[in-house]
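Asker: Got a predicted model here, sequence first, then my questions.
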Amino acid sequence: MRDLFHLPSGGPYLLSHSVGCLPRRARAALEAGYLEPWQQTGGAAWGPWLETIEGFRAALAALIGADTAEVAPQQSVSAALFSFLSGLRAVGGRNRILMSEQAFPTVGFVAAGLERLGFETAFIPAARSPGDAANWESHIDGSVAAVVAMHVHSNTGVVSPLAEIAALARHHGAISVVDAAQSAGILPITPREWGVDAVIGSSVKWLCGGPGAAWLWLRRELAGVIEPLDLGWFGHEDPYAFDIRHFRHAADARRFQGGSPSIAPFALARAGIETILEIGQEEILRSNRACIAAFAEAVGRPVDMTDRGGTLCLAFDDPAAIASALSAQGFHFDMRGKCLRASFHAWNSPEEAALLGRTIADTRLAFRPAA
């Protein structure tokens, strides 16, 4: 699996939660899906360019077990969330957008921007775990228009109980949205099994597809109901009608595509997704858990990854000291406040994980799981 990627120089690369490694097939995919058509045909490149977009949609649909018609390419997770939520209407006292205070900040920023449309942002306090369905149940009522839940929280690795959240939202007449940016490529993404209305995500992390190629999955039954404010000719039922006075939403998820798509990011992202599919998400997760078991043995204490994503999130009272020790060994990692974040992907080995464990053990610094 390691040979399928270009790895940065230095020590073990543990930043899949931030930027996944470049797949070896990516350069050829960029050439074939973007550069060669442009070089050879100029303006006629739009034909093969749009085939590149459709190839991305098909690969993403295969990853999450969906139909291609339910997938809309997006420039970013923020754009995907705004495009979807902007199609809702704040009416009849139902105007709150609910999320955990532990959610990735961009989710809150998008919700704040929608307040000018009559919505309000509501938070479950950070002290109440988003992994506990009871904390969602106590905050969802008839005033909630939409519930936005992280599949995996980037600060802690905690997994939200999505099926329970979706059921609660549905019971109260609210829309449910899942942000899968930190999970796609390492945990199964199963929108239909969860019972949610929409899933948004990116390609830059575990999917190893680079930035600029985000996506929106929309439950097909909603395609004719939600009309986004972010309109563009690629969201038109017939993009080539060229009638400026009349816009008709596409019948499926394409209505959320907006204007002319960027091509290069989706050529690269398709290569990343196809690499992940070739390896198998189940195999990547198995490898991840084997590495974490090797880490736990080397550090000399158990690590419980029940209801956690693929990232090891450990809180240290002296983050500067642990960062110095890991940097001295060449590890590629990051710190978010006092929390060390280290992710084991397909290219990592139990030996690298054990080295991380021994390095931390040698510092004699106390740590605890982030929560």
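Answerer: Arrived safely, thanks for sending.

Asker: burial count for the closest residue to residue 226 other than its chain neighbours?
Answerer: Counting by C-beta to C-beta, 6 or more residues apart in numbering, residue 87 is the residue found nearest to residue 226 once chain neighbours are left out, at 3.6 Å. Every residue, glycine included, has its C-beta placed from N, CA and C. Residues lying near residue 87 (other C-beta atoms under 10 Å) number 19.

Asker: Residue 87 contacts residue 227, correct?
Answerer: Yes: between residue 87 and residue 227 there is a contact at 5.1 Å, judged by C-beta atoms under 8 Å.

Asker: who touches the residue nearest to residue 226 in this structure?
Answerer: By C-beta atoms under 8 Å, 6 or more residues apart in numbering, the contact list for residue 87 reads 226-229.

Asker: How about the secondary structure of it?
Answerer: coil (DSSP: H, G, I helix; E, B strand; the rest coil).

Asker: Over to residue 148?
Answerer: Going by three-state DSSP: residue 148 is strand.

Asker: On the pLDDT front, check it for me.
Answerer: What the model reports as pLDDT for residue 148 is 98.

Asker: mind checking the backbone torsions on the spatially closest residue to residue 6 that is not a sequence neighbour?
Answerer: Leaving aside its sequence neighbours, residue 6 sits nearest to residue 22 (C-beta to C-beta, 6+ apart; 4.5 Å). Backbone torsions of residue 22, given as degrees, to the nearest 10, read phi -70, psi 120.

Asker: if you skip the residues just before and after it, what's nearest to the residue nearest in space to the middle of the chain?
Answerer: The centre of the chain sits closest to residue 181, judged by C-alpha atoms, centre = their mean, with a distance of 1.1 Å. Leaving aside its sequence neighbours, residue 181 sits nearest to residue 202 (C-beta to C-beta, 6+ apart; 4.7 Å).

Asker: try residue 332
Answerer: residue 13 (4.4 Å).

Asker: Around that neighbour, count how many other residues there are.
Answerer: Number of residues near residue 13 (other C-beta under 10 Å) recorded here: 23.

Asker: what do you get for residue 19?
Answerer: With other C-beta under 10 Å as criterion, residue 19 counts 15.

Asker: Appreciated, that's everything.
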